[in-house]
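Asker: structure here, sequence nowhere to be found:
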Ligand code: SF4
């Protein structure tokens, strides 16, 4: 993983990212603290590449780019489809009603937000909360791919149909996709319903709970 991260940081430097001290990289990042600092620096470098981004049409209506937040060395990364109104205003992922529900799900899993990482497939709010369109996903998703490459979680939880379709490579209803693991860039992916869908349909609570329990079993921290 160290070499992958180093290659990534070098790539960012080649792209003109400022403020990286490549010669000063630690030779040994096996230490947790060094790895945390290293990943944080990689994420910051990636964030700088997105500043003032106008690569796709979603930039026109946004207030803030919602890059993502959380632990730089998480076991689990949660990926949603894109920012909503509250997220766009605050520049943070999952801060509205759906975010409050996600926080409750995490608490039930025995996790704090600071222990995991949360981001979206696209980083700017689609107008009127529509789904991101294919051209927007294809333009923005390389940044998600690079986030995942940096974070190297043990498992990814895809929240909702857009994230599930992108991360599994399959266009199918959640009823078909959920219940098994997939692979994204060498990392296991478990799809489940988006918290906003649970707010609309409380019947999704049980399958989501089953899915997150499966996630916790996978990382060796089963929910009691
Ligand atoms: S959605 Fe992504 S690619 Fe499009 S403008 Fe925002 S940051 Fe750039």
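Answerer: Happy to help now that I have it. Predicted model only: the values in this text are computed from it and were never measured.
Asker: quick one: which helix or strand includes the residue most central in space within the chain?
Answerer: Using Cα atoms, centre = their mean, the residue of the chain that lies closest to the mean C-alpha position is residue 119, 3.3 Å off. Counting by DSSP states H and E, the element that carries residue 119 is strand 117-120.
Asker: ok, and what's touching that strand?
Answerer: Residues lying outside strand 117-120 but in contact with it, judged by Cβ atoms under 8 Å, 6 or more residues apart in numbering, are 66-72, 74, 76-83, 93-94, 102, 144, 147, 151, 153, 163. (C-beta placed from N, C-alpha, C; glycine too.)
Asker: repeat for stretch 123-141
Answerer: Here stretch 123-141 makes contact (Cβ under 8 Å, 6+ apart) with 50, 53, 55-59, 61-63, 65-68, 81-85, 87-88, 121-122, 143, 161-162, 166.
Asker: by mean pLDDT, flag the weakest helix or strand of this protein.
Answerer: The weakest-scoring helix or strand in the chain, judged by mean pLDDT, DSSP states H and E, is helix 2-14 (a mean of 55).
Asker: hmm, the helix or strand following that one in reach of the ligand?
Answerer: Proceeding C-terminally, helix 2-14 gives way to helix 32-50 as the next helix or strand, assigned by DSSP H and E. Yes: shown here: helix 32-50 in contact with the ligand (Cβ under 6 Å from any ligand atom) through residue 50.
Asker: next SSE downstream of helix 32-50?
Answerer: Beyond helix 32-50 on the C-terminal side, the first helix or strand identified by DSSP H and E is strand 69-70.
Asker: returning to what we had before: show the buried residues in the contacts of stretch 123-141.
Answerer: Neighbour-count burial (16 or more other Cβ atoms under 10 Å) is assigned, among the contacts of stretch 123-141, to 53, 56, 58, 62, 65-68, 81-84, 87-88, 121-122, 143, 161-162, 166.
Asker: now the nearest residue to residue 172 once chain neighbours are set aside: phi and psi?
Answerer: Beyond its immediate neighbours in the sequence, the residue positioned closest to residue 172 (Cβ to Cβ, 6 or more residues apart in numbering) is residue 165, lying 7.7 Å away. Residue 165 has phi and psi values of phi -60, psi -40 when expressed as degrees, to the nearest 10.
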